[in-house]
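In: Structure of the sequence below:
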Amino acid sequence: MNGKRLTDNGRQIEKIKEVIKGDLLINHPLKEYTSLKVGGPADVIVFPDGREDLIKIIRYLNEEQTPYLILGNGTNLLIGDRGVRDVVISLPPGFNRLELIEGNKSPLIFAEAGVSLVKLVKFCVDHSLSGFEFACGIPGTVGGGIVMNAGGRLGTFEDAIQSITILDHKGKLITQKKEELMFSYRNLQLPPRSIVLSAIFQLKKDNQSHIKRTIQEEMKKRKKTLPLEFPNAGSIFKNPEGKKAGRLIDQAGLKGTQIGGARVSDMHANIIVNSGDATANDVLCLIEEVKTRVYQKTGITLEPEIKIVGEN
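Out: Below you'll find the predicted structure:
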């Protein structure tokens, strides 16, 4: 993040317009693109119209040595109040293909990075495929889910992956099979500045009624324990080994703690909600307050799961 505004360089913005077929927005608020609903403007947001468009813009930005930020549904993201100077590349509009493909042993699904997990789960139910029940209620995209190895008590992305296709920082397409991938808790190790474009998932046939029942039961539990009525970014901290971050925060007496418009949820201590008028700075200050209080009580330093970008 170099702090220099891209909008000061009219030549580069005009060149970006020439490079891509997709849409482009200038000085547009990013809070519209994040689930926390906070954050300042992006100098430029581009919406590539598919794979070839994305390759062109990545190669151009690399030639110009212009940094970029890949944006999915913004569900695990905190944008600073002063916004982002990098070129923001929004994948969902141009990377939405989802289809059933032939598999030798079991059903396979091809999904592009911009496909929402809501759409993916519904697709699996419609085709009587089991393996993504864990993703019900997670408001992210396939790309973000893979990068974060998102999941819950019923499973993770690692369990369903057969292969992924990425675009490296030079604009080269690379396909990697599951055995070549290094998954860990809430993480997939990828080459620097690479972008997940699509994945093939290996699932299994099951009774549709059974799949629906599992999802309904999982959603009931989520509604009882998650503050779905408030904007939030999901879990703020990773679980320390052998511990639950939410329990540590609760034991430190932090439920309901509020700074500005940001509040530690009364339902789930590892979630910070936007009570209506929060700023990114409110959220950042509350994150630091939680880290400090938990460390004072337990000696454990909580590590953020949420990605924090932009200027504040």
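In: The closest residue in space to residue 251 that isn't next to it in sequence - how many residues pack around it?
Out: Once flanking residues are discounted, residue 251 sits nearest to residue 297: 7.0 Å by Cβ to Cβ, 6 or more residues apart in numbering. All C-beta spots, glycine's among them, are computed from the backbone N, C-alpha and C. The number of residues packed near residue 297 is 14, by other Cβ atoms under 10 Å.
In: now do the one 4 residues further on
Out: Taking other Cβ under 10 Å as the criterion, the count of residues near residue 301 is 11.
In: My guess is it contacts residue 295. True?
Out: Yes. Judged on Cβ atoms under 8 Å, residue 301 makes contact with residue 295 at a distance of 5.5 Å.
In: Check this structure and tell me which residue is nearest its centre.
Out: residue 144 (3.9 Å; Cα atoms, centre = their mean).
In: For it, give me the pLDDT.
Out: On pLDDT, residue 144 comes in at 92.
In: how about it, phi and psi?
Out: phi -60, psi -40 (degrees, to the nearest 10).
In: Just give the nearest non-adjacent residue to it, would you?
Out: residue 72 is the one closest to residue 144 (Cβ to Cβ, 6+ apart), at 4.0 Å.
In: Tally up the residues packed near that neighbour, please.
Out: If you count neighbours by other Cβ under 10 Å, residue 72 ends up with 25.
In: so what's residue 219 up against?
Out: Contact partners of residue 219, counting by Cβ atoms under 8 Å, 6 or more residues apart in numbering, are 136, 137.
In: at 10 Å what do you get?
Out: Taking Cβ atoms under 10 Å, 6 or more residues apart in numbering as the contact definition, residue 219 lies against 136, 137, 226, 228.
In: The stretch 151-300 of the chain: helices as residue ranges?
Out: Along the stretch 151-300 of the chain, counting by DSSP state H, counting those that start in this stretch, helices occupy 157-160, 208-225, 245-251, 280-298.
In: hang on, the earlier thing: correct me if wrong: the residue nearest to the centre of the chain contacts residue 113.
Out: Yes. Using Cβ atoms under 10 Å, residue 144 is in contact with residue 113, at 8.0 Å.
In: quick one: common contacting residues for the two?
Out: Common neighbours of residue 144 and residue 113 (Cβ under 10 Å, 6+ apart) are 70, 72, 91, 92, 196.
In: Any chance of a markdown table for the residues you listed, columns secondary structure?
Out: Listed next are the shared contacts of residue 144 and residue 113 as a markdown table, based on DSSP: H, G, I helix; E, B strand; the rest coil:
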| residue | secondary structure |
| --- | --- |
| 70 | strand |
| 72 | coil |
| 91 | coil |
| 92 | helix |
| 196 | strand |
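In: Residue 187: which of those is nearest?
Out: Distance to residue 187 across the shared contacts of residue 144 and residue 113 (Cβ to Cβ) is lowest for residue 196, with 12.9 Å.
In: and the closest residue to the closest one other than its chain neighbours, how many residues sit next to it?
Out: Spatial nearest neighbour of residue 196, chain neighbours left out: residue 143 (4.5 Å); criterion: Cβ to Cβ, 6+ apart. By other Cβ under 10 Å, 27 other residues sit near residue 143.
In: which secondary structure element contains residue 143?
Out: For residue 143, the host element (DSSP states H and E) is helix 142-148.
In: now for that helix, which elements pack on it?
Out: Secondary-structure packing of helix 142-148 (3 or more Cβ pairs under 10 Å, 6 or more residues apart in numbering; DSSP states H and E): strand 68-71, strand 108-112, helix 117-126, helix 157-160, strand 161-167, strand 187-189, strand 195-202, strand 307-309.
In: So what touches the fourth one?
Out: Contacting residues not belonging to helix 157-160 are listed as 109, 117, 120, 124, 129-132, 134-135, 142, 144-151, 164, 178, 181, 183-185, 188, 199-204 [Cβ under 10 Å, 6+ apart].
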